[in-house]
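[1] Take a look and give me a structure for this.
(chains A and B, ligands or ions: 2)
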Amino acid sequence: MGERYRTYQEVNERIRERKAVVLTAEEYLSLVDEKGVSAAAERVDVVTTGTFAPMCSSGAFVNFGHSDPPIKMTRVSLNDVPAYAGLAAVDAYIGATEVSESRGLEYGGAHVIEDLVARRPVHLKATAYGTDCYPRREFEGDLYLDDLNQAFLFNPRNCYQNYAAATNSSNRTIYTYMGILLPRCGNVTYSTSGQLSPLFKDPLYRTVGIGTRVFLGGGQGYVAWEGTQHNPGQARDDAGVPLGPSGTLSLIGDLKGMNTGFLRACVFEAYGVSLFVGIGVAVPVLDSDLASSLAIRDHQIFTSVFDYSVPSRSRPALRRVSYAELRSGRVELEGKTVRTAPLSSYHKARQITGALKDWILQGRFFLSEPVANLPLEGTVKALDPKEVS
Amino acid sequence: MSKTRIILDFQADSTEKPITCQLVRDYGLSVNILRAKIEPDQAGRLLMEVEAPRDALEKALDFLAEEGIGVRFMEKELRVDKEACVNCGACTAVCGSGALVIGAPEWELVFNAERCVACELCVEACPVRVISVNF
Ligand code: SF4
Ligand code: SF4
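    Ligands and ions are numbered 1, 2, ... in the order given. Here you go, the predicted structure:
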């Protein structure tokens, strides 16, 4: 921890008094350049971080309210996209990557979520087997987000702490969740906001844990749990920054407070539907360790370029590369210069850090100390069926 | 002299004719073919950049009309809806001509129409579907 500078209570008190010093991750980096880490740490209460990227493991719980006569919905679709209704009578979960039964890969659960958030009407179809208490067997009609009792995003895995970069050594173009990868290593794609990205700035999850209030999709949400495939055991550098995909967050937040500026449906050609999710985390500068990790920048953050033409869980890594190199637009790969392209929007990530800063300055967003910390140990298991005797 | 991008639409019966050759030889056009989709005996499409004095270009266009070849100017064909664009940069991954670029300091997508060769790869590469081509 090193030297202590302030507590959560002190930070929130200063926010309440409109006296908090809040900088975006980029502003903080400039201040560190100018004055050094300890001077920055003394002065700054909170640093805002952000990311805006496609996050497939997303979806929303909705409660439709009861019709008259009531129905216990068993099959539900929204704009022809199946939702999971194996819950109580009028609850359902619409997954972002579920695709439309009539429009295929061009429209899916993420689009339903975006339509709801945009206050566009969504067509509900529900069928049921009928019971004594829920006699109705069918329901069909349009509804708007504000007609729903609850509608909350519940994303099992968002905000990946680092991610692979992708290329394709084969002789044909391949279509992946990392975008279109041209043959013979014709391009490299990557998908994090690097030095703005929340979990790079607090790599050991000291201030990001269960219960942490976050910016989510333009509204406020919370960290609900560790994300699925949370992989804190990934190899890390001396500063604790993981060298490949590592920690993840499960997030929850009210859809009614979100907007399409920070929640957008997307389609990866010949792959499927996903959801761009905007996430921002406000990190309090509690002590000198956090002050240092908040000063980490792109040339200190590394990932590996993987060959996505190998259809295997363990794809070969072609080389290690820093985010500064990836951001430069070109990397050297297999003896040639290859174009790089992001999939996550640095521009939006920057907007998120700015928006979150404004909320804090206006006293509309307070920091919450984690109720429990995320695991710092453990790795991801693979799926290998066991022999059953 | 001005550079113009034109799209030629051929009917099946004119794909055999040496149109490009005539444009160069008889009308003095300087022609750079950017993209061609022509199969013998089928309708075809050619995207070319032509450079010529205005009157020569006009004569060449008359000639193409007589030959029954559809001509469209490329300028307005590729459209990026900047309002809806999220500036992710996914489209720049496939744009080999450098028409679509994103980078520091703004990290906002820049579209240089004059470099576009209308390969259309960006249309399907854009995950939020904000690029359209009327080609
Ligand atoms: S059509 Fe091709 S050349 Fe034109 S902007 Fe798109 S990818 Fe680039
Ligand atoms: S891929 Fe689409 S949304 Fe992303 S920068 Fe290009 S045009 Fe904009």
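
[2] so A:P242 sits right up against A:Q234, yeah?
    Yes. Assessed by C-beta atoms under 8 Å, A:P242 is found in contact with A:Q234 at 4.3 Å. Using the backbone N, CA and C atoms, a C-beta is placed for each residue, glycine as well.

[3] Touching both of these two, which residues are there?
    With contacts taken as C-beta atoms under 8 Å, 6 or more residues apart in numbering or on different chains, A:P242 and A:Q234 have A:N162 as neighbours in common.

[4] between these two, who's got more neighbours?
    Neighbours were counted for A:P242 and for A:Q234 using other C-beta atoms under 10 Å in any protein chain shown; A:P242 has more, 23 against 16.

[5] who's the more buried one bridged to?
    Taking DSSP bridges as the rule, A:P242 bridges to A:R236.

[6] Which residues are in contact with A:M1?
    A:L286, A:D287, A:S288, A:D289.

[7] Go through these and give me the one with the most neighbours.
    In terms of neighbours by other C-beta under 10 Å, these top out with A:L286 at 22 neighbours.

[8] Could you count how many residues lie near the closest residue to A:G109 other than its chain neighbours?
    Distances taken as C-beta to C-beta, 6 or more residues apart in numbering or on different chains place A:E98 nearest to A:G109, at 4.1 Å, with adjacent residues excluded. Residues lying near A:E98 (other C-beta under 10 Å) number 21.

[9] What residues does chain B have near ligand 1?
    Counting by C-beta under 6 Å from any ligand atom, the positions of chain B adjacent to ligand 1 are B:78, B:94-95, B:97, B:99-100, B:116-122.

[10] which ones among the contacts of A:M1 are found in helices?
    Of the positions in the contacts of A:M1, A:S288, A:D289 sit in helices, assigned by DSSP state H.

[11] so A:V22 makes contact with A:T49?
    No. Using C-beta under 8 Å, A:V22 is not in contact with A:T49, being 11.8 Å away.

[12] so what's in contact with these two at the same time?
    Common neighbours of A:V22 and A:T49, using C-beta under 8 Å, 6+ apart, are A:A282.

[13] who has more neighbours, these two?
    Using other C-beta under 10 Å, the more surrounded residue of A:V22 and A:T49 is A:T49, with 31 against 23.

[14] and that one, what does it touch?
    Residues near A:T49 by C-beta under 8 Å, 6+ apart: A:A25, A:L196, A:S197, A:P198, A:F200, A:K201, A:G280, A:V281, A:A282, A:V283, A:T353.

[15] Verify the assumption that it is located in a strand.
    Yes. The assignment for A:T49 (DSSP: H, G, I helix; E, B strand; the rest coil) places it in a strand.

[16] what's the spacing between it and A:D298?
    Distance of A:T49 to A:D298, given as C-beta to C-beta, to the nearest Å: 14 Å.

[17] Quick one: name whatever helix or strand follows the helix or strand hosting B:E58.
    Per DSSP states H and E: B:E58 is located in helix B:54-66. Moving toward the C-terminus from helix B:54-66, the next helix or strand (DSSP H and E) is strand B:70-73.

[18] what's the pLDDT at the residue in the stretch 51-200 of chain A positioned nearest to ligand 2?
    Closest residue of the stretch 51-200 of chain A to ligand 2, C-beta to the nearest ligand atom: A:G179 (8.6 Å). The model reports A:G179 with a pLDDT of 97.

[19] Which residues are in contact with the residue nearest to A:G109?
    Listed by C-beta under 8 Å, 6+ apart, the contact partners of A:E98 are A:V81, A:P82, A:A83, A:G108, A:G109, A:V273.

[20] who's in contact with the nearest residue to the last one once chain neighbours are set aside?
    Setting aside the residues directly before and after it, A:V273 is nearest to A:G108 in space (C-beta to C-beta, 6+ apart), at 3.1 Å. Residues in contact with A:G108 (C-beta under 8 Å, 6+ apart) are A:V81, A:A96, A:T97, A:E98, A:V99, A:S100, A:A265, A:V267, A:G272, A:V273.

[21] Between those residues, which sits nearest B:I7?
    Nearest to B:I7, judged by C-beta to C-beta, of these is A:V267 at 26.7 Å.

[22] Pull out the buried positions in whichever helix in chain A runs longest.
    Longest helix in chain A by number of residues, with DSSP H as the criterion: helix A:346-361. For helix A:346-361, burial by neighbour count (16 or more other C-beta atoms under 10 Å in any protein chain shown) applies to A:346-357, A:359-361.

[23] Any chance you could list what contacts that helix?
    With contact meaning C-beta under 8 Å, 6+ apart, helix A:346-361 is reached by A:15, A:18, A:20, A:22-26, A:46, A:48-52, A:193-194, A:196-197, A:215, A:218, A:261-262, A:276, A:278-280, A:282, A:327, A:365-366, B:86-89, B:106-108.

[24] Restricted to strands, list those.
    Residues of the contacts of helix A:346-361 located in strands (DSSP state E): A:22-24, A:46, A:48-52, A:215, A:276, A:278-280, A:282.

[25] got the buried residues for stretch A:261-281?
    Buried positions in stretch A:261-281, judged by neighbour count with 16+ other C-beta under 10 Å: A:261-269, A:271-281.

[26] again with stretch B:50-65
    By 16+ other C-beta under 10 Å, the buried positions in stretch B:50-65 come out as B:V50, B:A52, B:A56, B:L57, B:K59, B:A60, B:L61, B:L64.

[27] quick one: contacts for the nearest residue to the second one once chain neighbours are set aside?
    Using C-beta to C-beta, 6+ apart and skipping the chain neighbours, the partner closest in space to B:A52 is B:L29 (4.4 Å). Counting by C-beta under 8 Å, 6+ apart, B:L29 touches B:L23, B:V50, B:E51, B:A52, B:A56, B:L57, B:A60.

[28] Let me know the pLDDT of the nearest residue to A:R313 once chain neighbours are set aside.
    Spatially, and ignoring its direct neighbours in sequence, A:R313 is nearest to A:A382 (6.3 Å; C-beta to C-beta, 6+ apart). At A:A382, the pLDDT value in this model is 92.

[29] Can you name the residues in contact with stretch A:73-84?
    Applying C-beta under 8 Å, 6+ apart, the external contacts of stretch A:73-84 come out as A:62, A:64, A:85-86, A:89-90, A:92-95, A:98-103, A:107-109, A:111-112, A:115, A:122-129, A:139.

[30] swap the cut-off to 7 Å and go again
    Under the criterion C-beta atoms under 7 Å, 6 or more residues apart in numbering or on different chains, residues A:85, A:89-90, A:92-94, A:98-103, A:108-109, A:112, A:115, A:122-129 lie in contact with stretch A:73-84.

[31] show me where the chain has helices.
    No chain was given, so I picked chain A. Per DSSP H, chain A carries helices over the ranges A:8-16, A:25-35, A:37-43, A:109-117, A:198-201, A:288-293, A:323-327, A:346-361.

[32] wait, chain B
    Secondary structure of chain B (DSSP H): helices at B:19-25, B:54-66, B:121-125.

[33] could the ones you listed go into a markdown table alongside distance to A:N187?
    Below are those laid out as a markdown table (distance: least, C-beta to C-beta, whole Å):
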| stretch | distance to A:N187 |
| --- | --- |
| helix B:19-25 | 31 |
| helix B:54-66 | 36 |
| helix B:121-125 | 10 |
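
[34] Quick one: closest of those to A:N168.
    Checked against C-beta to C-beta, the stretch from those lying closest is helix B:121-125, at 13.6 Å.

[35] Show me the contact partners of the closest one.
    With contacts defined as C-beta under 7 Å, 6+ apart, helix B:121-125 is touched by A:G179, A:I180, A:E269, B:A90, B:C91, B:A93, B:V94, B:C95, B:L100, B:I131, B:S132, B:V133.
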